[in-house]
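S.K.: next come a sequence and a model predicted from it.
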Amino acid sequence: MIAIEHVTKKYGKTPAIEDVTCTIAAGSIYGLIGYNGAGKTTLLKTIAGIYRPEEGRVIIDGRPVYENEELKQRLFIMTEELYFLPQATLHTMGRFYKGYYPNWNDRTFERLLAIFNLDPAMKISGFSKGMQRQAGILLALSTRPRYLLLDEAFDGLDLAKRNLMKKLLERYVKEKNAIVIISSHNLREMEGMIHNVGMIKDRRLFFHSSVAELKRSRVKCRFSCALDLTEGDLQGAGLRILHQEDGFYTCIAEGDGAVVQACITSLGGENIQVLPMTLEDFFLNEKEPETYDLEDLF
Ligand SMILES: Nc1ncnc2c1ncn2[C@@H]1O[C@H](COP(=O)(O)OP(=O)(O)OP(=O)(O)O)[C@@H](O)[C@H]1O
């Protein structure tokens with residue numbers, strides 16, 4: 001289990017994340033979401049013991065992670081900027097990691113090389129961006145970490161490789177009872193894969209929940225209405241507009257489906273359809289509307 005206890009991490013005097021608390025159970029995939037600059041990378045690096053928090057602590061299997069070499073040998077963090085030794089090939093990186101990670105497995109490495117179809121003798125610097133990310137995940141999984149932290153893991157991967165990576169992560173977590181924490185802006189990619197989701201907003205872990213509970217506790221509906229409903233009308237009834245076009249409204253609301261539908265009917269809504277809610281719906285629902293002044297720009 002990973003326990004994040006009241007963690008605050010600052011750069012200089014400015015906090016990047018504040019008072020973050022949550023626990024992540026073994027055998028689960030945790031999705032970390034948030035805007036650019038929200039603090040996802042900072043939190044991942046703090047969990048990995050790279051950063052020492054100014055306040056609070058990260059406890060992994062009962063022990064603080066910071067300056068704990070033994071724990072770090074069972075933890076792998078793949079950051080956005082991938083790190084490979086200068087002039088390295090996958091073979092040299094494999095040997096490098098084998099020397100540090102006691103759980104390194106040659107067979108997993110060879111099998112993944114074949115699956116990803118990467119040349120282990122070629123310099124990694126000659127790989128494309130997507131191939132470098134594949135190389136990163138291949139090495140990460142070959143160390144067979146108990147805790148795998150992936151920052152923007154899908155960045156640069158084509159559709160087939162994104163699907164492959166999802167399958168690999170799901171299988172790995174299930175078979176090894178591992179913990180994967182994955183940050184991504186691509187909520188569609190995380191859909192169906194993550195068990196728990198946390199959203200960082202205003203430096204804090206403003207929301208976290210199991211995905212199942214998140215979907216149980218909210219309803220997404222599409223309905224028509226002859227009246228011209230304003231955002232205020234809908235907000236007053238606890239509904240938030242996701243989309244509005246030609247007298248049709250798609251809204252999301254917290255609460256029981258029957259209660260939400262009754263509420264829509266009381267506003268004059270008709271032809272109510274309950275739709276499956278996606279993570280993207282939730283994220284957009286929680287996002288403050290953005291306005292940009294684009295006049296006289298060009
Ligand atoms: N090395 C650093 N020195 C000073 N400030 C930093 C540093 N790294 C990050 N920050 C600041 O901390 C905040 C959180 O950054 P972080 O990289 O953790 O966000 P993020 O959620 O990963 O962003 P993105 O989605 O854009 O990758 C930002 O305001 C950023 O400017």
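M.R.: All right, it came through fine. Just so we're clear, the structure is a prediction, and the values are computed from it rather than from any experiment.

S.K.: can you pull out the helices in the stretch 151-298 of the chain?
M.R.: With helices called from DSSP state H, counting those that start in this stretch, the stretch 151-298 of the chain shows them at 159-176, 187-190, 211-216, 231-236, 257-266, 279-286.

S.K.: which stretch among these approaches K10 most closely?
M.R.: helix 279-286 (25.1 Å; Cβ to Cβ). The way it works is simple: take the backbone N, C-alpha and C, and place the C-beta from them, glycine included.

S.K.: need the contact partners of the closest one.
M.R.: 31, 33, 187-188, 190-191, 197, 199, 201, 206-207, 211, 214, 218, 220, 240, 242, 252 (Cβ atoms under 8 Å, 6 or more residues apart in numbering).

S.K.: flag every buried residue along that helix.
M.R.: Going by neighbour count (16 or more other Cβ atoms under 10 Å), the buried part of helix 279-286 is L279, D281, F282, F283, N285.

S.K.: which of the residues you listed sits closest to the ligand?
M.R.: Nearest to the ligand among those: F283, at 12.9 Å, using Cβ to the nearest ligand atom.

S.K.: gap between the closest one and H243?
M.R.: 14 Å (Cβ to Cβ, to the nearest Å).

S.K.: before we move on, what about D106?
M.R.: 51 Å.

S.K.: output the below-cut-off pLDDT ranges for this protein.
M.R.: Where the chain drops to pLDDT under 70, the residues are 285-290.

S.K.: return the residues of this structure in contact with the ligand.
M.R.: Y11, A16, G34, N36, G37, A38, G39, K40, T41, T42 (Cβ under 6 Å from any ligand atom).

S.K.: the third one: what's it in contact with?
M.R.: Read it as G34. Here G34 is in contact with K40, S183, M199, I200, K201 (criterion: Cβ under 8 Å, 6+ apart).

S.K.: domain ranges for this protein, per the record?
M.R.: For the chain, automatic domain parsing gives the domain ranges 2-213, 217-286.

S.K.: can you lay out those domains as a markdown table showing distance to F298?
M.R.: A markdown table is the format used below for the domains of the chain (distance: least, Cβ to Cβ, whole Å):
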| stretch | distance to F298 |
| --- | --- |
| domain 2-213 | 23 |
| domain 217-286 | 28 |
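
S.K.: deepest-packed of these, please.
M.R.: Counting by mean count of other Cβ atoms under 10 Å, domain 2-213 has the highest mean neighbour count of the domains of the chain, with a mean of 17.

S.K.: show me where the stretch 101-250 of the chain has strands.
M.R.: Along the stretch 101-250 of the chain, counting by DSSP state E, counting those that start in this stretch, strands occupy 147-151, 179-183, 196-201, 204-210, 218-225, 239-245, 248-254.

S.K.: the longest one to strand 248-254, inter-axis angle?
M.R.: By that I understand strand 218-225. 150 degrees (axes from the mean of the first three to the mean of the last three Cα atoms, to 10 degrees).

S.K.: again with the first one
M.R.: Following the same axes, to 10 degrees, one obtains 140 degrees for the angle between strand 147-151 and strand 248-254.

S.K.: just how off-centre is stretch 226-243 within its chain?
M.R.: 30 Å (Cα atoms, centre = their mean, to the nearest Å).

S.K.: one more: stretch 48-58?
M.R.: 20 Å.

S.K.: kindly export that stretch (C-alpha atoms) in CSV.
M.R.: Extracted C-alpha coordinates of stretch 48-58, given in CSV (Å, rounded to 0.1, in the frame of the first residue of the first chain):
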residue,chain,number,x,y,z
ALA,A,48,9.0,8.1,-5.8
GLY,A,49,11.2,9.6,-3.1
ILE,A,50,13.0,11.9,-5.5
TYR,A,51,11.6,15.0,-3.7
ARG,A,52,11.5,15.4,0.0
PRO,A,53,8.2,17.0,1.0
GLU,A,54,8.4,20.1,3.2
GLU,A,55,5.5,18.7,5.2
GLY,A,56,4.0,15.3,5.5
ARG,A,57,5.4,12.0,4.2
VAL,A,58,4.9,9.1,1.8
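
S.K.: for I2, state which of the buried residues of helix 279-286 is nearest.
M.R.: L279 (21.3 Å).

S.K.: among the domains of the chain, which comes closest to Y292?
M.R.: Smallest distance to Y292 across the domains of the chain (Cβ to Cβ): 14.5 Å, for domain 2-213.

S.K.: ok, what's across the strand from R240?
M.R.: Residues in a beta bridge with R240, per DSSP bridges, are I252.

S.K.: could you look up the SS state of M93?
M.R.: The three-state label given to M93 by DSSP: H, G, I helix; E, B strand; the rest coil is helix.
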